[in-house]
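Visitor: The sequence and its predicted three-dimensional model are supplied below.
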Amino acid sequence: MEDRVRIRSEEVLSDDWAVLKKTVLDYRRRDGRWETQTRQTYDRGDGAVILPFDPQRSTVLLVRQFRFPAYAVGYREPLIEACAGLLDENDPETAIRKEAEEELGYHLKDIERLFAPFMSPGSVTERLWFFTARYSPADRISDGGGSPEEGEDIEVLEMPLDEALAGIADGRIVDAKTIILIQHLKLSPIVG
Ligand SMILES: Nc1nc2c(ncn2[C@@H]2O[C@H](COP(=O)(O)OP(=O)(O)O[C@H]3O[C@H](CO)[C@@H](O)[C@H](O)[C@@H]3O)[C@@H](O)[C@H]2O)c(=O)[nH]1
Ligand SMILES: [Mg+2]
């Protein structure tokens, strides 16, 4: 693609929690014609997400938390999500182990890396690293809940995988990363 893209200018519109840039570029279309495009990119780094599964009891661990961007567009419930976090300079596996300890209160041993999709590639630069893990009640090390100093107020939920699947169908689970992981576990079960 590099011979089809020429950056003309780049402007930082906001450099705060994330970096929002406006880029003007020339793009050579498949028919050979060059055109000029303006595109904004929202960059707050990459993230990682995990859905732990207990094959003995067929349960998953999820979190429930207030998400202001969802509230801002009218969604009035806290979101049920898989445990996730930004990488913050760590490699994805280190980051997700840390996040599972902080948010879920579980020390996870058998972690499996799955895939790393772009979640909203038209505007957000983030790739999200997906993991599953096998867990058991013995892996619990604390109540979890996240870091109150960072404004986190996270409830830990344990539910049967089939109840999570039903939650997708009836609209209780509306977070994309969570839906992908629940469906993945159903398609590729972790066996005891
Ligand atoms: N000051 C400030 N804090 C923020 C802002 N936005 C989020 N935070 C706080 O920053 C912390 C980030 O927590 P993480 O656990 O690292 O990330 P996350 O918000 O769970 O993000 C995960 O889920 C996202 C949504 O699905 C993913 O997009 C992301 O990659 C990651 O996996 C949270 O305490 C959150 O409240 C902001 O604009 N300003
Ligand atoms: Mg998080």
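Guide: Yes, it's here. Residues are numbered from 1 along each chain as shown. Ligands and ions are numbered 1, 2, ... in the order given.

Visitor: May I have the helix or strand bottoming out on mean pLDDT in the chain as CSV, with CA atoms only?
Guide: Sorting the helices and strands of the chain by mean pLDDT, DSSP states H and E puts strand 110-113 at the bottom, at a mean of 95. The C-alpha coordinates for strand 110-113 follow below in CSV (Å, rounded to 0.1, in the frame of the first residue of the first chain):
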residue,chain,number,x,y,z
ASP,A,110,-3.4,-21.0,31.5
ILE,A,111,-3.9,-18.1,29.2
GLU,A,112,-4.5,-18.5,25.4
ARG,A,113,-3.9,-15.7,22.9
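
Visitor: contacting residues for residue 144?
Guide: By Cβ atoms under 8 Å, 6 or more residues apart in numbering, residue 144 lies in contact with 63, 101-106, 154, 156. Quick note: C-beta positions are derived from backbone N, CA and C, even for glycine.

Visitor: I'd like those residues as TSV, with neighbour count appended.
Guide: TSV is the format used below for the contacts of residue 144 (neighbours: other Cβ atoms under 10 Å):
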residue	neighbour count
63	23
101	16
102	18
103	25
104	29
105	18
106	24
154	21
156	19
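
Visitor: ok, these vs residue 119, which is closest?
Guide: Residue 119 lies nearest to residue 63 out of these, by Cβ to Cβ, at 17.5 Å.

Visitor: Please list the residues of this protein that sit near ligand 1.
Guide: Neighbours of ligand 1 within the chain, by Cβ under 6 Å from any ligand atom: 17, 47, 49, 84-86, 99, 126, 128, 150-152, 177.

Visitor: Ligand 1: which of those is nearest?
Guide: Lowest distance from ligand 1 to the residues of the chain next to ligand 1 (Cβ to the nearest ligand atom) belongs to residue 47, with 2.2 Å.

Visitor: And that closest one, how close does it get to residue 10?
Guide: 24 Å (Cβ to Cβ, to the nearest Å).

Visitor: And for residue 104?
Guide: 39 Å.

Visitor: So which residues of this protein form strands?
Guide: Using DSSP state E, the strands of the chain run over 5-15, 19-28, 34-43, 47-54, 59-65, 79-81, 83-86, 110-113, 128-134, 155-160.

Visitor: Give me the mean pLDDT for the shortest one.
Guide: It refers to strand 79-81. Strand 79-81 carries an average pLDDT of 98.

Visitor: neighbours around the closest residue to residue 12 other than its chain neighbours, how many?
Guide: The shortest distance from residue 12 to any non-neighbouring residue, by Cβ to Cβ, 6 or more residues apart in numbering, is to residue 21 (5.5 Å). Residue 21: 16 surrounding residues under other Cβ atoms under 10 Å.

Visitor: what's across from the residue of the chain found nearest ligand 2 in the sheet?
Guide: Nearest residue of the chain to ligand 2 (Cβ to the ion) works out as residue 85 at 4.3 Å. Beta-bridge partners recorded for residue 85 (DSSP bridges): residue 48.
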